[in-house]
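Undergrad: The amino acid sequence is not available; the structure is as follows:
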């Protein structure tokens, strides 16, 4: 599976969260991911439509990654949509080039999650406010992924950031980024690849082995419980 | 009441509906309406923030008028929002400059209204898809007006267009653009101002009088009915 990450940000170099995410993609296991920062590619705003459509065709999962200012995308990403998602390409007669691909959003959001509900500071949920993107997916025949919303990156602890990094890499690369089992397998594979000399402890080999064993034990227990439940329902 | 119509359209001169609406504003009774086409004002996309904020302050009703491509505004209007609606002006500490003003949308839409529902070609309603604008109104303390959606202008009959023209002028100028009574009063005032020699009939004075009388009779009857209902409920 190949993933295209279309990043739109008016000042990407000054954005802590965007720089962090871009760093996360420089990892070894992500050669299937293409990073595509729009403002850097098209500083004059003139979009190469053919090139963009070829990029879309050669990837399976398309990600729109942007700061969620005024409940929508930055202007250049909207311009990109208006220019690239043309009739007969993205919709309409023979417009099936995006059909059965996936569309995901990676949103960086300045306020906390609890403000996005009735009575909160923003009053509406992220699901409500991102409906236009869901409609884009629907119109073009794409499967819409649950957005990855990053709330208040600036206030995240180091540990939270590490968690985000893992969720982000999984969001871009896992077949089913929401289910537990593939995420476990992903973690185990990543642990096995970890260069133990980079860890700040003398027993890193042992610790990694322990963590893997722990995840696998949990998984066996979960599978057994599921089997019991399935039997019970029969 | 002063109304600011912020128009955003990537090629406004080629748009039949936009040209029609602009024509409608050249009417005598609309000197309280300021027309503000963004792409003409800022062809290089560099927005004069101070000037825009002064414009907003000196008007009571703000209209975003644009073609509803990909379920959102054209890029320049989004850029305008990101630049002009700053903290301490539009929201946040002392950010009350738009408070109690009104925000309305005039959308030109290529498909018919019935496609904007579950099972329709677009799948979501205009209310769902314009939620981000409702959120802008909410955040800035503005009263959100029911959008004026213009479906399939290209297929409208001459009569439908005249109806649109009236709805549009009322949307921009009437205190309560949705209630019947002020709309009636508006029509009567417009009829009284009509230069009768422009009508294609010999009895235009008589016809206009008749129409006014008819509307006034209807209103009396409606008021009487309402009185009866109110008495009944007491």
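TA: That came in fine, so what should we check first? What you see is a predicted model; the values in this text were computed from it and never measured.

Undergrad: hey, let's count contacts and neighbours off CA atoms from now on
TA: OK.

Undergrad: per-residue pLDDT, residue A:193?
TA: Per-residue pLDDT puts residue A:193 at 79.

Undergrad: cool, and residue A:196?
TA: Note on residue A:196: pLDDT of 68.

Undergrad: ranges for the strands of chain A?
TA: In chain A, the strands defined using DSSP state E lie at A:3-7, A:33-37, A:61-67, A:102-109, A:143-144, A:148-151.

Undergrad: can you list the residues of chain A near chain B?
TA: When proximity is defined as CA under 8 Å from any CA of the partner chain, chain A approaches chain B at A:69-72, A:74-76, A:78-79, A:81-82, A:121-124, A:128-129, A:131-132, A:135-136, A:138-139.

Undergrad: Who are the contact partners of the residue in chain A positioned nearest to chain B?
TA: For chain A, the residue closest to chain B is residue A:75, as judged by CA to the nearest CA, at 4.3 Å. Neighbouring residues of residue A:75 by CA atoms under 8 Å, 6 or more residues apart in numbering or on different chains: B:74-76, B:78-79.

Undergrad: remind me which residues of chain A are low pLDDT?
TA: Counting by pLDDT under 70, chain A shows low-confidence ranges at A:27-29, A:196-197, A:200-201, A:234.

Undergrad: Give me the most central residue, it.
TA: The centre of chain A sits closest to residue A:171, judged by CA atoms, centre = their mean, with a distance of 3.9 Å.

Undergrad: which residues does that one contact?
TA: Neighbours of residue A:171 in contact, by CA under 8 Å, 6+ apart: A:148, A:177.

Undergrad: let's see 6 Å
TA: residue A:177 (CA atoms under 6 Å, 6 or more residues apart in numbering or on different chains).

Undergrad: how near is it to residue B:193?
TA: 64 Å (CA to CA, to the nearest Å).

Undergrad: swap in residue A:143?
TA: 56 Å.

Undergrad: Settle it for me: which of those two has more neighbours?
TA: The residue with more neighbours, out of residue A:143 and residue B:193, is residue A:143; 17 against 11, by other CA atoms under 10 Å in any protein chain shown.

Undergrad: wait, what's in contact with the spatially closest residue to that one that is not a sequence neighbour?
TA: Leaving aside its chain neighbours, residue A:143 sits nearest to residue A:102 (4.6 Å; criterion: CA to CA, 6 or more residues apart in numbering or on different chains). Residues in contact with residue A:102 (CA under 6 Å, 6+ apart) are A:61-62, A:142-144.

Undergrad: Which stretches in chain A count as helices?
TA: For chain A, applying DSSP state H gives helices covering A:16-24, A:38-41, A:49-57, A:75-84, A:126-129, A:131-140, A:158-173, A:180-193, A:204-233.

Undergrad: and among these, the most buried is which?
TA: Mean neighbour count (mean count of other CA atoms under 10 Å in any protein chain shown) peaks for helix A:131-140 among these, with a mean of 21.

Undergrad: quick check: angle from it to strand A:61-67?
TA: For helix A:131-140 against strand A:61-67, the angle by axes from the mean of the first three to the mean of the last three CA atoms, to 10 degrees is 160 degrees.

Undergrad: Domain ranges for chain A, per the record?
TA: With domains defined by automatic domain parsing, chain A comprises A:3-177, A:179-234.

Undergrad: Can I get the ones you listed in CSV including distance to residue B:227?
TA: Listed next are the domains of chain A as CSV, based on distance: least, CA to CA, whole Å:
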stretch, distance to residue B:227
domain A:3-177, 38
domain A:179-234, 62
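
Undergrad: Let me know which of the ones you listed is the nearest to residue B:96.
TA: Between residue B:96 and the domains of chain A, the shortest separation by CA to CA is 15.2 Å, and it involves domain A:3-177.

Undergrad: Can you get me the start-to-end distance on the closest one?
TA: For domain A:3-177, the first-to-last residue distance is 13 Å (CA to CA).

Undergrad: Repeat that for stretch A:105-119.
TA: 25 Å.

Undergrad: Give me the distance from that stretch to the chain's centre.
TA: In terms of CA atoms, centre = their mean, to the nearest Å, the centre of stretch A:105-119 is found 16 Å from the chain centre.

Undergrad: same check, this time on stretch A:79-89
TA: 22 Å.

Undergrad: what sits up against that stretch?
TA: Identification of contacts with stretch A:79-89 by CA under 6 Å, 6+ apart yields A:49, A:94-95, A:97, B:75.

Undergrad: Return the closest of those with respect to residue A:42.
TA: Relative to residue A:42, the closest of the contacts of stretch A:79-89 is residue A:49; by CA to CA it sits at 11.4 Å.

Undergrad: residues touching that closest one, list them.
TA: Neighbouring residues of residue A:49 by CA under 6 Å, 6+ apart: residue A:84.

Undergrad: Let's see that with 10 Å instead.
TA: A:55, A:80, A:83-86 (CA atoms under 10 Å, 6 or more residues apart in numbering or on different chains).

Undergrad: now swap in residue A:138 and tell me
TA: Neighbouring residues of residue A:138 by CA under 10 Å, 6+ apart: A:91, A:99, A:103, A:132, A:144, B:121-124.

Undergrad: Residue A:219 too?
TA: By CA under 10 Å, 6+ apart, the residues touching residue A:219 are A:180-181, A:184-185, A:213, A:225.

Undergrad: Out of the contacts of residue A:75, which is nearest to chain A?
TA: residue B:75 (4.3 Å).

Undergrad: Need the nearest residue in space to that closest one, chain neighbours excluded.
TA: With sequence-adjacent residues excluded and distances taken as CA to CA, 6+ apart, residue B:75 is closest to residue A:75, at 4.3 Å.

Undergrad: Can you tell me how far the one you found is from residue B:132?
TA: Using CA to CA, one obtains 14 Å as the distance from residue A:75 to residue B:132.

Undergrad: can you check residue A:207 too?
TA: Using CA to CA, residue A:207 is found at 48 Å from residue B:132.

Undergrad: next one: residue A:74
TA: Relative to residue B:132, residue A:74 is positioned 13 Å away (CA to CA).

Undergrad: was I right about residue A:58 contacting residue A:32?
TA: No: using CA atoms under 10 Å, residue A:58 makes no contact with residue A:32, being 11.1 Å away.
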